[in-house]
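A.B. asks: One predicted model, sequence on top.
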Amino acid sequence: MILGTVKGTVYSTRKMEQLVGYKFLLVEPMYGSKKELIVAGDRLGAGIGELVMVTTDETVQHGLDAPAPMDAFIVGIVDQPPAIGK
Amino acid sequence: MILGTVKGTVYSTRKMEQLVGYKFLLVEPMYGSKKELIVAGDRLGAGIGELVMVTTDETVQHGLDAPAPMDAFIVGIVDQPPAIGK
Amino acid sequence: MILGTVKGTVYSTRKMEQLVGYKFLLVEPMYGSKKELIVAGDRLGAGIGELVMVTTDETVQHGLDAPAPMDAFIVGIVDQPPAIGK
Amino acid sequence: MILGTVKGTVYSTRKMEQLVGYKFLLVEPMYGSKKELIVAGDRLGAGIGELVMVTTDETVQHGLDAPAPMDAFIVGIVDQPPAIGK
Amino acid sequence: MILGTVKGTVYSTRKMEQLVGYKFLLVEPMYGSKKELIVAGDRLGAGIGELVMVTTDETVQHGLDAPAPMDAFIVGIVDQPPAIGK
């Protein structure tokens, strides 16, 4: 999973019906290229500025109630930024 | 999912039969490397210049009526470019 | 999917039995890093120099007659290089 | 799989229920961009500083007892850093 | 698939049981970033210095006797480095 910070919300009125009911959040990666923001579905209620753990690709489906064309999903809200060992 | 802008249409007469009936749009990523354009299937009727949400890999299948060898699919048309928080 | 140009053929005598019968073509991406050539299976008869549409990962399987350990597959031959809108 | 060094632990109290029971470790890739740390689930008991082998995407599921929205998983602890041939 | 050269062997005594019986080889990509070495399972008996074709992600499973948490697998040994067309 990647760690990232929630930076905003994405609104889409015209979307696939399987995506109705999810909130879509813009997430900025904590490591690597911070410019590669992705859009992740959310059901945990993550807020702007929170650090989250995002799973990707087909593994997203294992966290949904029904299959949906969604390749990034917030699976955890991180308690605090991790300390990095030597 | 990634956000991107529709930049053009890709026409392919000789293609796999499972791809017949889809429109294929060239999408320029909004974040990260803008030069890495991808081709995404479309059924929502996205137009040139519109900002769209694209899902990738096997998750595409959950938005199709029948399985198809397609790894990028437009799942939403974004209402407006998202505001980025601090 | 990515767009790319067929640059050569890859021959492999010692290979997994599920890959027998496919032609493997070396494809240079049209967008992004042109140096990241990939090998894609082909059944459409794409020729050197042709512009093709390649699907990746597990979605490849939906275009095959039987499952095979293959993560890139040519699913369309593009009629002409796409025009890029503003 | 990628090789990487365990650099820390990620704690998440509010997370998907399918992720309860796993330890989540921050892994720094050994090759490529060392800055692109990822979070991988662990059941092998890898410790800080150990070199591990991480599998990604849907293949993670084949190492779990039950499906979970997790896209990176530690599948081996490496005996010693590999010697690189010419 | 990617093309790459076998550069070494990775030994892991403590690993998932589904990985027992495979040899794990360190593969240096031929195209793109040569520094992004990956670890791929092998059953074809590829040797150090040989050029191989590696499939990734879930497609690996279609080449295995039983499901395993493995996301890269050597599916062919290439006869000779491919000639690149204009």
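C.D. replies: Thanks, I have it.
A.B. asks: C-alpha only now, for contacts and for neighbours.
C.D. replies: OK.
A.B. asks: for chain A, what are the low-confidence residue spans?
C.D. replies: Applying pLDDT under 70 to chain A flags the ranges A:85-86.
A.B. asks: Chain C contacts on that one?
C.D. replies: Contact residues (C-alpha under 8 Å from any C-alpha of the partner chain) of chain A with chain C: there are none.
A.B. asks: Chain A: helices as residue ranges?
C.D. replies: With helices called from DSSP state H, chain A shows none.
A.B. asks: So which residues of chain A form strands?
C.D. replies: A:2-9, A:14-15, A:23-29, A:38-42, A:51-56, A:72-77 (DSSP state E).
A.B. asks: Turn those strands into CSV, including distance to chain D and mean neighbour count.
C.D. replies: Formatted as CSV, the strands of chain A follow (distance: least, C-alpha to the nearest C-alpha, whole Å; neighbours: other C-alpha atoms under 10 Å in any protein chain shown):
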stretch, distance to chain D, mean neighbour count
strand A:2-9, 5, 23
strand A:14-15, 23, 16
strand A:23-29, 9, 24
strand A:38-42, 11, 24
strand A:51-56, 6, 27
strand A:72-77, 4, 28
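A.B. asks: Of all the ones you listed, which one comes closest to chain E?
C.D. replies: Chain E lies closest to strand A:51-56 among the strands of chain A, at 12.5 Å (C-alpha to the nearest C-alpha).
A.B. asks: hmm, the closest one touching chain B?
C.D. replies: No - for strand A:51-56 and chain B, the contact criterion (C-alpha under 8 Å from any C-alpha) is not met; the two come no nearer than 8.9 Å.
A.B. asks: So what are the sheet partners of that strand and their directions?
C.D. replies: Strand A:51-56 pairs in its sheet with strand A:2-9 (antiparallel), strand A:72-77 (antiparallel), by DSSP bridges.
A.B. asks: For the longest one, which outside residues touch it?
C.D. replies: Residues from elsewhere that reach strand A:2-9 (C-alpha atoms under 8 Å, 6 or more residues apart in numbering or on different chains): A:23-31, A:46-55, B:82-86, D:37-39.
A.B. asks: repeat for the last one
C.D. replies: Contacts with strand A:72-77, where a contact means C-alpha under 8 Å, 6+ apart, come from A:38-44, A:46, A:50-57, A:60, A:63, B:1, D:12-16, D:69.
A.B. asks: by how many degrees do it and strand A:38-42 diverge?
C.D. replies: Interaxial angle of strand A:72-77 relative to strand A:38-42 (axes from the mean of the first three to the mean of the last three C-alpha atoms, to 10 degrees): 60 degrees.
A.B. asks: burial count for the closest residue to A:Ser12 other than its chain neighbours?
C.D. replies: Spatial nearest neighbour of A:Ser12, chain neighbours left out: B:Val78 (4.4 Å); criterion: C-alpha to C-alpha, 6 or more residues apart in numbering or on different chains. Neighbour count of B:Val78, defined by other C-alpha atoms under 10 Å in any protein chain shown: 20.
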